[in-house]
Every structure is written in structure tokens, then in C-alpha cells.
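Peer 1: Got a sequence here, can you model it:
(one chain, ligands or ions: 1)
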Amino acid sequence: MQDLEPAAGVLYLVGTPIGNRDDLSPRALKVLAGVDRIACEDTRHSGLLLAGFGIRSKLISFHAHNHLARIPQLLEALERGERLAVISDAGLPGICDPGEELVAAARAAGRTVICIPGPCALTTALVSSGLPSGRFCFEGFLPPKRNPRRARLKELADEPRTLVLYEAPHRLLELLEDLLEALGDRPLQVARELTKRHEQQIGPTVGAALVHFRGTPALGECTLVLGGAPPVIEAAPDEQELLAELQRRVAAGASPRDAARQLAEATGLSRRTLYGLLHRNGEP
Ligand code: SAM
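Peer 2: Down below sits the predicted model:
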């Protein structure tokens, strides 16, 4: 089946480099060279990338400001049997880039959609951060205005999974300040310029990144990988309550040793500590 790629009437979502041109896969190149049309955010930007690989013309613009008008046109093209690819300026279309609505519309119309996977800043930053990657959540760009951003951070404060955020360089300092204030000095890696010559990881905490970026202005693309909310530590049981429970068990007929053992099993506290508590309070 893949030997026949790109196939007629199929929509291909193609991942393109997030910096390093060598990350464009041979399969992506084959599909981009073979399709009838490539919908892209910026025809100039993508034209330069593709020309470097000997692929010319057939670009049409597909971006945040024209995607609603374009979607019916692209669906009609698929209907006619055209082979279509969608790319974004960088990375995977549909991840904070146009593509999501087109895929939904194509699926609703019964068209085949195939993703040719490629680089994505989200996954690249996550797996190189050293923070837990088995469970994570992605919030994309937080609201650019301070109050809505702080409100969103409040909602996220108890989220135990690793959190991945995108941010524009000119808003990075403000975001770090808000993270510190709303969530505390958690583990953090800011992945800068991934896959590029000056790729850099800045951490290991929000506070440390803040010190760094106050001294060195953030330039280039940044993705933030933040540790989840620390586990809630149960408050230590109140000593008077423990004593009352031990005394209740003794009054019900348990020996002080048995009362301490039973409560130790129920609470996970040390039997010796509980026995000592009874002993200090008059039990033999
Ligand atoms: N679709 C893209 C993807 O798959 O990663 C994301 C597009 S989104 C409009 C752009 C944001 O992705 C940037 O503001 C930055 O947060 C992140 N990003 C893109 N390229 C990056 C890179 N080379 N290094 C670090 N972050 C990057």
C-alpha cells in the first residue's frame, strides 16, 4: 500500500523540520514530491524549504485567517481524486498549527487521512527533559494576557502529570514569573532552539530558569517542560486522636500491646511509637 503513496483522494498530514532540515524524512519527501497540491501556512517559507529539496510549485495557502474558506475547496479537490498534503511552517500540522479542522472535516466526509509523522517540539522537548514522560499533558500556548493566564495556572495547580507548554520568546519571562508565583519552584526544563545549532536546555527549576533569562534575553523558539504537582502528603494524625483510639481499644478489652499493634496496622504508624504513646499516658 505504501508503495502507492501518495494515493488519489487521500489527505496527507506531513511533519516538517522544527529547525534541522535533515529531519525531513524520505517518506515525507516522497509524498510531498508526489502530491498534486500542498496546503501550507506560508507559501514563501514552505516554498524555500521545498525548493531546497527540488520540489516546486503546487503550494496553496492554508492558515488561521483563510482556513474556513479553504476547507470546502480542499474537500472538493479530494472528491475529484486529487492527492493533497498539508504542512505547517514547522513540525506537525494540527499541533498549535492549522490542520485540526481540515482533518475533522475530511473524516466527516469519509475521506482517508494519513499522517506522515515527523518532528514535533512537544515530544522532542518532553523526552529530552529528564522529567517523567509516561504521563503528561500538553496545554499549548497559555492565554497571552496575564489574568486569564493566571486563572488557567490556578486550574492546573493540582495536575500531577508533567506539563508541556509552548511560548513565544518575548513572553517567556512573564510566563516564568507566573509559574513561580502560581505553582512554586518546580522542576523545569526550557528547551530552546531544538534540533538547531544552538539547541540548549535551561533548568533545572523555574527559579533557576528565571535567573538565567533575566540575565540572558530569550531568543528563538522555546518549549517548557514542567514537573507535575508534588504528591499530597497526608497530615500526620493528631496525637490526642491516636491516644483516644488506643484507649478505646484497651477499654474494649485489648491489651496495650495488641491495641498498639492493631492501630499500627490500620494507620501504617510504628507499633513501638503507639505503644510508647499509651505508656506515657498511664497504661502499663
Ligand atoms: N506544529 C509545531 C510542532 O509540531 O511542534 C508547533 C507550532 S507552534 C505555532 C510554535 C511553537 O512550538 C513555538 O512557539 C515553540 O514554543 C515551539 N517550537 C517550535 N519549534 C521549536 C524548536 N525548534 N525548539 C523549541 N520549541 C519549538
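
Peer 1: Helix or strand: which one has residue 174?
Peer 2: helix 172-183 (DSSP states H and E).

Peer 1: C-terminal to that helix, what's the next element?
Peer 2: Following helix 172-183 in sequence, per DSSP H and E, is strand 188-192.

Peer 1: next structured bit after that following strand?
Peer 2: strand 200-202.

Peer 1: buried ones in that following strand?
Peer 2: Buried residues in strand 200-202, counted by 16 or more other C-beta atoms under 10 Å: 201-202. Yep, even glycine has a C-beta here, placed from its N, CA and C like the rest.

Peer 1: Partner strands of that strand and their direction?
Peer 2: Strand 200-202 pairs in its sheet with strand 188-192 (antiparallel), by DSSP bridges.

Peer 1: Next, see if the strand it pairs with gets close to the ligand.
Peer 2: Yes. Strand 188-192 lies within reach of the ligand by C-beta under 6 Å from any ligand atom, at residue 191.

Peer 1: any idea of the mean pLDDT for that strand?
Peer 2: Mean pLDDT, strand 188-192: 98.

Peer 1: and that strand with helix 172-183, angle?
Peer 2: 160 degrees (axes from the mean of the first three to the mean of the last three C-alpha atoms, to 10 degrees).

Peer 1: returning to what we had before: so does the helix holding residue 174 get close to the ligand?
Peer 2: No. Applying C-beta under 6 Å from any ligand atom, one finds helix 172-183 separated from the ligand by no less than 9.3 Å.

Peer 1: Stretch 81-97 now?
Peer 2: Yes. Stretch 81-97 comes into contact with the ligand (C-beta under 6 Å from any ligand atom), by way of 88, 90-92, 95-97.

Peer 1: Same question for stretch 220-231.
Peer 2: Yes. Legend: contact between stretch 220-231 and the ligand by C-beta under 6 Å from any ligand atom is shown at 221-223.

Peer 1: Would you tell me which residues of the protein are close to the ligand?
Peer 2: Going by C-beta under 6 Å from any ligand atom, the residues of the chain near the ligand are 18-19, 88, 90-92, 95-97, 120-122, 166-168, 191, 193-196, 221-223.

Peer 1: Just the ones of those residues in helices?
Peer 2: Of the residues of the chain next to the ligand, the ones assigned to helices by DSSP state H are 121-122.

Peer 1: Would you mind naming the residues that bridge with whatever residue of the chain ends up closest to the ligand?
Peer 2: Closest approach between the chain and the ligand, counting by C-beta to the nearest ligand atom: residue 91, at 2.4 Å. With DSSP bridges as the criterion, residue 91 is bridged to residue 16.

Peer 1: Number the residues from 8 up from this point.
Peer 2: Happy to do that; since the first residue is 8 now, the last one works out to residue 98.

Peer 1: Verify the contact between it and residue 124 for me.
Peer 2: No. Under the criterion of C-beta atoms under 8 Å, residue 98 is not in contact with residue 124, lying 10.6 Å apart.

Peer 1: between these two, which one's more packed in?
Peer 2: residue 98 (25 against 13; other C-beta atoms under 10 Å).

Peer 1: dump the residue contacts of that one.
Peer 2: Residue 98 makes contacts with 22-25, 104, 125-128, as judged by C-beta atoms under 8 Å, 6 or more residues apart in numbering.

Peer 1: Determine which two of the residues you listed are furthest apart.
Peer 2: 24 and 104 (13.5 Å; C-beta to C-beta).

Peer 1: So what's the residue count around residue 115?
Peer 2: So residue 115, with other C-beta under 10 Å, has 9 neighbours.

Peer 1: Residue 26 now?
Peer 2: 20.

Peer 1: How much space separates it from residue 198?
Peer 2: Going from residue 26 to residue 198 by C-beta to C-beta, to the nearest Å gives 11 Å.

Peer 1: anything in contact with each of these two?
Peer 2: With C-beta under 8 Å, 6+ apart, residue 26 and residue 198 have common neighbours residue 206.

Peer 1: if we look at the helix or strand encompassing residue 77, which residues are touching it?
Peer 2: Using DSSP H and E, residue 77 maps to helix 74-86. Residues outside helix 74-86 that contact it (C-beta under 8 Å, 6+ apart): 16-18, 43-44, 46, 67-69, 91, 105, 108-109, 112-113, 116, 118.

Peer 1: try 7 Å this time
Peer 2: 16, 18, 44, 46, 69, 91, 105, 108-109, 112-113, 116, 118 (C-beta atoms under 7 Å, 6 or more residues apart in numbering).
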